[in-house]
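S.K.: Predicted model and sequence follow; I will ask about them next.
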Amino acid sequence: MENHTIRKAVVADAKFISLLAKITFSETFGNLFRDKSDLRAYLEKTFSLEKITSSLKKEENVFWIAYADELPVGYAKLKKRSPVPNSSFHEAAQLQKIYVLKDYLAHKIGTKLQDALFKEVQTLQVAQLWLSVLHTNERAIGFYRKHDFHKYDSYSFSIGKEDFVFNIMMKTF
């Protein structure tokens, strides 16, 4: 029986979160990149140890890290104050990241990370929590729908030579 632990991350966890971010992003989206150098450049720019360390130090960010038998297997990131794009919802928070290693998805660690994040959002007294999800990521969209998120809008985003469409999903608190 595996022992699962979720806790708020500290700066010393940056190395684990950086590695988890690179692996989980590659597991989730790597197949969508025709040019792997675009993927590598994005991973290094977005999830470098320096960038994660800096992000962990910012007061507006809260990170959680998930462990299974003392091994880091997932993480989540909340931005406490982040208005919903293209909306009048200015008092909102953003679920920026929630990723779990593929081999641990069936362990409901994503739900545990999200539950910890929801508790934090309730203390912020914001009305809306929003996130972006790739419009073709049916597994993630289903997960969020199950937790009362609904599609609000969509937008396009490019990484290297690839163009992606993301759904903005929102939950009311």
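M.R.: In hand now; what should we look at?

S.K.: give me the number of residues near Tyr144?
M.R.: The tally of other residues near Tyr144 (other Cβ atoms under 10 Å) stands at 22. C-betas here are computed from N, CA, C, even on glycine.

S.K.: same question, the one 10 residues further on
M.R.: The burial metric for Ser154, expressed as a neighbour count using other Cβ under 10 Å, is 14.

S.K.: Ok, Gly110 next?
M.R.: Every residue meeting other Cβ under 10 Å relative to Gly110 is counted, giving 20.

S.K.: Who are the contact partners of the nearest residue to it once chain neighbours are set aside?
M.R.: Spatial nearest neighbour of Gly110, excluding adjacent residues (Cβ to Cβ, 6 or more residues apart in numbering): Val100 at 5.0 Å. Contacts for Val100 (Cβ atoms under 8 Å, 6 or more residues apart in numbering) come out as Thr24, Ala66, Val73, Gly74, His107, Ile109, Gly110, Leu113.

S.K.: Which pLDDT does the model give Glu2?
M.R.: On pLDDT, Glu2 comes in at 74.

S.K.: Name the residues of stretch 90-109 that come out as buried.
M.R.: Neighbour counts over stretch 90-109 (16 or more other Cβ atoms under 10 Å) mark 92-101, 104-105, 107, 109 as buried.

S.K.: What is the end-to-end distance of it?
M.R.: End-to-end distance for stretch 90-109, by Cα to Cα, to the nearest Å: 30 Å.

S.K.: quick one: His90 is in a strand?
M.R.: No. Under DSSP: H, G, I helix; E, B strand; the rest coil, His90 falls outside any strand and is assigned coil.

S.K.: Could you pull up phi and psi at it?
M.R.: Backbone torsions for His90, taken as degrees, to the nearest 10, come to phi -90, psi -30.

S.K.: possible to save the buried residues of stretch 90-109 as a markdown table with distance to Leu43?
M.R.: Shown next, in a markdown table, are these (distance: Cβ to Cβ, whole Å):
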| residue | distance to Leu43 |
| --- | --- |
| Ala92 | 28 |
| Ala93 | 26 |
| Gln94 | 21 |
| Leu95 | 21 |
| Gln96 | 16 |
| Lys97 | 13 |
| Ile98 | 18 |
| Tyr99 | 13 |
| Val100 | 17 |
| Leu101 | 15 |
| Tyr104 | 20 |
| Leu105 | 20 |
| His107 | 24 |
| Ile109 | 22 |
